[in-house]
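> prediction below, plus the sequence it came from.
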There are 2 protein chains.
Amino acid sequence: MKEHIVISKATIDRLPVYFRILRSVQDEGVEIISSEDIGRRIGITPEQIRKDLASFGEFGKKGVGYYVRDLIRNIGEILGLHHDWNIAIVGMGHLGWALANYRNFGSLGFNLAAMFDVDPDKVGRTINGVEVYHIECLQQISMEKDIQIGVIAVPAAQAQAAADALVAAGVRGIWNFAPIRLNVPEDVRLVSEDLSIGLSSISYYLTRSTKK
Amino acid sequence: MKEHIVISKATIDRLPVYFRILRSVQDEGVEIISSEDIGRRIGITPEQIRKDLASFGEFGKKGVGYYVRDLIRNIGEILGLHHDWNIAIVGMGHLGWALANYRNFGSLGFNLAAMFDVDPDKVGRTINGVEVYHIECLQQISMEKDIQIGVIAVPAAQAQAAADALVAAGVRGIWNFAPIRLNVPEDVRLVSEDLSIGLSSISYYLTRSTKK
């Protein structure tokens, strides 16, 4: 792995996409895949794919393609998916429960270690032995449970306070679902999800096809 | 609007990102913004941003920047967000309810018109006057309610059947949250969400910062 080179954020954001599609073709029984075939499945040019993957090292053979299993393992290592990150979910509304029940996280090595809410009816409930704690205990429990990634699923008005408590507890990755821009220190990695992006993309294509 | 030119999928996928960030800076009171400033906020190069926006027409002034309000309106039109699309959610587990309660959709012009589930306890329940129907009625109700976009939030095993029924009802856009690859006709626009992508991106950065 070439650790010293600078890799663009755009490339890094495409890696999980490659990882997902490769796991999916592996499930189909495919062992070797070309950059053209990967490209066709995800709408990225083969040139871009070869360039992205080459920036991490040599994972393919010219004229043969990429070995799917090796590439999955290598991208998984690059993405740090062998790490067993402890994650906590803050806000156990519908989205929080949906995320807590999302099986794919476990298979990627993410370990749900704690959940938080203000509602006394929810505090004490468990999913697979993992407990919901009162949000007042967010900082303390996050330190005790060695939480590395916090998932924010509270309403916008509570999101910054949740982020602050997570950061104070030493959490260095925040995955935000609240529709608000959060302020975090520079050394904290913040990824914000905006579900309206996928829907907007569909809307774009429907507008075009309707006009025909 | 230059309707005749071909716009790459990568550009189209970035438009909702621009749209989101512009609405956010508008909320901050910003009236004019440079491609450099947009770029800094979303991690895309100013050159790429100027190229993307130029492919749809002239929205900025050299040396001044982009007028935020005009650009939001123009991108909104390009994305078809002025359309009032009728959407249906199939599968009212936690994710389905979370999506049904997601306020941003309404503000973007998406109109939740029906929900579907197999559970008799859920059938007949309402959110803001919108009803949950039995999944057996998916095709019929989708036609009656003129559903254009179907959201699939059922388990993987039921996802293809849900997609088939939506397509049979004339739905031309499918937004899939089930962790499975769906087959749809070519004229149907399929967008699949994979929530593990955001988490993988955080994992990547944590791996790097932990090594230091």
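Everything's here; your move. These figures come from a predicted structure and were not determined experimentally. Residues are numbered from 1 along each chain as shown, chains lettered A, B, ... in the order given.

> is chain B contacted by stretch A:44-62?
Yes - using C-beta under 8 Å from any C-beta of the partner chain, we find that stretch A:44-62 touches chain B at A:I44. (Each C-beta comes from the backbone N, C-alpha and C, glycine too.)

> list the buried ones in that stretch?
By 16 or more other C-beta atoms under 10 Å in any protein chain shown, the buried positions in stretch A:44-62 come out as A:I44, A:I49, A:R50, A:D52, A:L53, A:F56, A:G60.

> which of the three states applies to the first one?
What it means is A:I44. coil (DSSP: H, G, I helix; E, B strand; the rest coil).

> what stretches of chain A score poorly on pLDDT?
A:1-6, A:210-212 (pLDDT under 70).

> quick one, helices of it?
In chain A, the helices defined using DSSP state H lie at A:9-27, A:35-42, A:46-54, A:68-78, A:94-100, A:103-107, A:138-144, A:156-168, A:196-211.

> point out the most buried one among the ones you listed.
Most buried of those by mean neighbour count (mean count of other C-beta atoms under 10 Å in any protein chain shown) is helix A:94-100; its value is a mean of 22.

> quick revisit: tell me the one among the buried residues of stretch A:44-62 nearest to chain B.
Ranked by distance to chain B (C-beta to the nearest C-beta), the buried residues of stretch A:44-62 are led by A:I44 at 7.1 Å.

> so that closest one sits against B:A10, correct?
Yes - in this structure, A:I44 is within contact of B:A10 by C-beta atoms under 8 Å, at 7.1 Å.

> so what's A:I202 closest to, chain neighbours aside?
Leaving aside its sequence neighbours, A:I202 sits nearest to B:G173 (C-beta to C-beta, 6 or more residues apart in numbering or on different chains; 3.9 Å).

> would you mind finding the longest strand in chain A?
Taking DSSP state E as the criterion, chain A has its longest strand at strand A:110-117.

> that strand vs helix A:156-168, what angle?
130 degrees (axes from the mean of the first three to the mean of the last three C-alpha atoms, to 10 degrees).

> what does strand A:110-117 contact?
With C-beta atoms under 8 Å, 6 or more residues apart in numbering or on different chains as the test, strand A:110-117 has contacts from A:84-92, A:96, A:100, A:105-106, A:123, A:127-128, A:130-135, A:137-138, A:141-142, A:145-147, A:149, A:162, B:199, B:203.

> let's see 6 Å
A:84-90, A:92, A:130, A:132-133, A:135, A:138, A:141, A:145 (C-beta atoms under 6 Å, 6 or more residues apart in numbering or on different chains).

> stretch A:51-62 now?
A:M1, A:I7, A:T11, A:R14, A:Y66, A:L71, A:N74, A:I78.

> with stretch A:155-164 instead?
Taking C-beta under 6 Å, 6+ apart as the rule, stretch A:155-164 contacts A:V90, A:I152, A:V154, A:I174, A:A178, A:P179, A:I180, A:L182, A:V184.

> next one: stretch A:188-195
Contacts to stretch A:188-195, defined as C-beta under 6 Å, 6+ apart, come from residues A:167, A:172-177, A:184, B:20, B:198, B:201-202, B:205.

> in JSON lines, list the residues you listed along with distance to A:S209.
Formatted as JSON lines, the contacts of stretch A:188-195 follow (distance: C-beta to C-beta, whole Å):
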{"residue": "A:V167", "distance to A:S209": "45"}
{"residue": "A:R172", "distance to A:S209": "44"}
{"residue": "A:G173", "distance to A:S209": "39"}
{"residue": "A:I174", "distance to A:S209": "38"}
{"residue": "A:W175", "distance to A:S209": "34"}
{"residue": "A:N176", "distance to A:S209": "33"}
{"residue": "A:F177", "distance to A:S209": "30"}
{"residue": "A:V184", "distance to A:S209": "40"}
{"residue": "B:R20", "distance to A:S209": "24"}
{"residue": "B:G198", "distance to A:S209": "29"}
{"residue": "B:S201", "distance to A:S209": "31"}
{"residue": "B:I202", "distance to A:S209": "36"}
{"residue": "B:Y205", "distance to A:S209": "38"}
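
> which two from these end up farthest apart in space?
A:R172 and B:R20 (24.6 Å; C-beta to C-beta).

> what's the domain layout of chain A?
A:9-78, A:85-196 (automatic domain parsing).

> returning to that earlier point: who are the neighbours in contact with the residue nearest to A:I202?
A:I202, A:L206, B:I149, B:R189.

> could you rerun that using 10 Å?
Counting by C-beta atoms under 10 Å, 6 or more residues apart in numbering or on different chains, B:G173 touches A:199, A:201-206, A:209, B:85, B:87, B:147-151, B:166, B:184, B:188-191.

> again with A:G43
By C-beta under 10 Å, 6+ apart, the residues touching A:G43 are A:V17, B:S8, B:K9, B:A10, B:I12, B:D13.
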